[in-house]
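Novice: Here is my input, please return the structure:
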Amino acid sequence: MAKSQYCDFTDYYVEIIPSNGLRYNKEFTPSDNKKKQRKLSVPNIKVIDGYSFYEIATGQKDALKDLYMALPRVISDIIGNHAGSIAKDPLFNEFSLKHTVSSSRR
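Specialist: Model (predicted):
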């Protein structure tokens, strides 16, 4: 079998906003549905939260938070609403709360 040209690459499965609010960057461990147990982890495939992924991708610690905080202004520029009303949206606040929780757990 020929060696893949991508063998030294790392693949990422990114969970942008994880439900538990924690940061992680771990090896992917596939399940075996026939044996109902986990297989060996795969070192070049990572499961990672969005904050950690954006930090790796940009080199900036709070890149995802900065992006998310800029979205109300960008959205308001596009659709003509006030950025303040978007920032008061319950979904926006939920994200902000998760970020605050995850930041305190680092």
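
Novice: Which parts of the protein are strands?
Specialist: Using DSSP state E, the strands of the chain run over 11-15, 25-28, 31-32, 37-38, 42-49.

Novice: Can you tell me which helices and strands the third one packs against?
Specialist: Going back to what we said before, that points to strand 31-32. Here strand 31-32 touches strand 37-38, going by 3 or more Cβ pairs under 8 Å, 6 or more residues apart in numbering; DSSP states H and E. Placement of C-beta: from N, CA and C, glycine included.

Novice: Parallel or antiparallel, list what pairs with the strand it packs on.
Specialist: Using DSSP bridges, the strands paired with strand 37-38 are strand 31-32 (antiparallel).

Novice: Residues contacting the strand it pairs with, please?
Specialist: The contact list for strand 31-32, computed with Cβ atoms under 8 Å, 6 or more residues apart in numbering, reads Gln37, Arg38, Lys39.

Novice: Who are the contact partners of the second one?
Specialist: In this structure, Arg38 makes contact with Thr29, Pro30, Ser31, Asp32, judged by Cβ under 8 Å, 6+ apart.

Novice: What is the nearest of those to Arg73?
Specialist: Arg73 has its nearest neighbour among the contacts of Arg38 in Thr29, at 40.0 Å by Cβ to Cβ.
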